[in-house]
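1. what's the 3D shape of this:
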Amino acid sequence: MPQDYLVEYSTTGAALSWTQIDNVQDIAITIGRQRQLDAYNASQATITVRYPSGYTSPITEMVSGTFIQISNATTGNFLWTGVINNVDVRYGIPFAGGVGNADFLSISVEGKFAQYGRLQGLSYSMAADTLSNQIATCATQTSLGLTINGTQTQAMAATTISSTWGDWVNKVLVTINGRLWDGIDVASMTMRTPNQSYATTVNFSDTTNNATNQVYDQINFGSYADNYYTQVTVDPENFAEATVQTGSAPYRTLLTNTFNASTAQATDYANYLLNNYDSQGFALLSISCLAEAQSTFKLDELAGTTYLASLPGISCTVTFRGTVFNCVIEGASVTATPESSRYTFYL
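-> Residues are numbered from 1 along each chain as shown. Next up, the predicted model:
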């Protein structure tokens, strides 16, 4: 089922302030991460627009700091929002009668997390507290907006934020094994703890194609060579490190730094990581689905959510040649043109 997409801009991000961008040629959105051990970067999008009248009548709002939102006009579902960080204009030949039919505008957009990555912590002393209170403190200190879904009572260690607030957010996510939702709205971003149940109502299959199974045409299995460890050391901020291992030396060692509030808490986390990554072999890494191939299109509303940005942490199943794989979505990408769109999910 072909899909139509709507790209809009706003200088304020307020409701009813959005203006449609015409002549969009292609869209590419990336959210989340590809693997569980990857650090988070800001979600991002690139948009290419035909700009035939842009030389004589430029869209003056196409500058850094303007908000962009992308929706699926066919389903009415909102996909992602961010802020312009760069704009390029590619002028072509010929230019006649004030019209440049070969002129194109390229818009680069980034999610909220990019602002955290640029904001220095200035050696702020974060007191030991519960997760929810530290999140509230971060939101106050940065004025950028940060919320959390799921259990929030976990004890977190004190720390001095000597680098950026983005580094602090990433380290918190490592500590709680959380996921980041970046690009849901213009005002804030959201952390998600793993104990919040969030399962799909729509799964994936290589043969079944209906309202509860989206069919994929590409599947990627890969070796765990880059994510295979026989020893894990978790080094909490203010407590002795915890090391667990299996087998004998020489070990393949994973070292991670956390805000765990005790060595015992760090040991629990080290055992969890070792259990996840002490096995070699192949694992399901990603699947890719063509929008037009779906008999009932549901790729933009997995688990009932209509936000692409809230996919990280969703559990799903993938059926491949009769075998069912239980997976967690870590990230996704969408590419779209007026003729076709493709959704890729990293598992």
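2. residue contacts, the spatially closest residue to residue 50 that is not a sequence neighbour?
-> Among residues not flanking residue 50 along the chain, residue 23 sits closest, at 3.8 Å (Cβ to Cβ, 6 or more residues apart in numbering). All C-beta atoms are positioned from the backbone trio N, CA, C, and that covers glycine. Contact analysis of residue 23 by Cβ atoms under 8 Å, 6 or more residues apart in numbering lists 49-52.
3. let me see the confidence value for residue 23.
-> pLDDT, residue 23: 97.
4. and residue 268, by the same measure?
-> So, for residue 268, pLDDT stands at 95.
5. packing partners of the helix or strand harbouring it?
-> Assigned by DSSP states H and E, residue 268 falls within helix 263-277. With contacts defined as 3 or more Cβ pairs under 8 Å, 6 or more residues apart in numbering; DSSP states H and E, helix 263-277 has these neighbours: strand 231-236, strand 242-245, strand 253-258.
6. show me what the residue nearest the centre of the chain is bridged to.
-> In the chain, the C-alpha nearest the mean C-alpha coordinate belongs to residue 32, at 2.0 Å (Cα atoms, centre = their mean). Note on residue 32: beta-bridge partners residue 331, judged by DSSP bridges.
7. is it in contact with residue 332, as I believe?
-> Yes - with contacts counted by Cβ atoms under 8 Å, residue 32 reaches residue 332, the gap being 6.2 Å.
8. I'd like the distance between the residue nearest to the centre of the chain and residue 248.
-> 36 Å (Cβ to Cβ, to the nearest Å).
9. quick one, what contacts residue 237?
-> Residue 237 neighbours (Cβ under 8 Å, 6+ apart): 157-159, 257-260.
10. just flag the most distant two among those.
-> Greatest spacing in those, by Cβ to Cβ: 158 and 257 (14.3 Å).
11. what's the overlap in contacts for residue 32 and residue 332?
-> 311, 346.
12. which residue, other than its chain neighbours, is closest to residue 188?
-> residue 145 is the one closest to residue 188 (Cβ to Cβ, 6+ apart), at 2.7 Å.
13. pull the contacting residues for residue 292.
-> 1-2, 340-341.
14. try 10 Å this time
-> 1-3, 339-342 (Cβ atoms under 10 Å, 6 or more residues apart in numbering).
15. nearest to residue 317 among the residues you listed?
-> Of all those, residue 317 sits closest to residue 342, with 20.7 Å by Cβ to Cβ.
16. A helix includes that closest one, no?
-> No - assignment of residue 342 by DSSP: H, G, I helix; E, B strand; the rest coil gives strand, placing it outside any helix.
17. mind checking pLDDT for it?
-> Per-residue pLDDT puts residue 342 at 98.
18. all further residue positions should be reported with the first residue as 344.
-> That works, and once the first residue is 344, the last one we named lands at residue 685.
19. count of neighbours near the residue lying closest to it once chain neighbours are set aside?
-> Excluding the flanking residues, the one nearest residue 685 by Cβ to Cβ, 6+ apart is residue 678, at 5.2 Å. As a burial measure, residue 678 scores 16 neighbours (other Cβ atoms under 10 Å).
20. which helix or strand contains residue 678?
-> Counting by DSSP H and E, residue 678 is found in strand 674-679.
21. if I look at residue 449, how far off is residue 397?
-> 12 Å.
22. relative to residue 687, how far out is the closest residue to residue 414 other than its chain neighbours?
-> Computed as Cβ to Cβ, 6+ apart, the closest residue to residue 414 that is not its neighbour in sequence is residue 349, at 4.5 Å. Distance of residue 349 to residue 687, computed by Cβ to Cβ: 21 Å.
23. now residue 570
-> 19 Å.
24. same question, residue 669
-> 19 Å.
25. any stretches of the chain with poor pLDDT?
-> For the chain, the stretches flagged by pLDDT under 70 are 540, 567-569, 646, 648-649.
26. tally up the residues packed near residue 647, please.
-> Around residue 647 there are 10 residues (other Cβ under 10 Å).
27. how many neighbours does the closest residue to it other than its chain neighbours have?
-> Closest residue to residue 647 apart from its sequence neighbours, by Cβ to Cβ, 6+ apart: residue 544 at 5.7 Å. Here the number of neighbours of residue 544 (other Cβ under 10 Å) works out to 13.
28. then residue 395?
-> Counted with other Cβ under 10 Å, residue 395 comes out at 17.
29. go on, residue 419?
-> Residues near residue 419, counting by other Cβ under 10 Å: 11.
30. with the one 3 residues further on instead?
-> Other residues within reach of residue 422 by the criterion other Cβ under 10 Å amount to 24.
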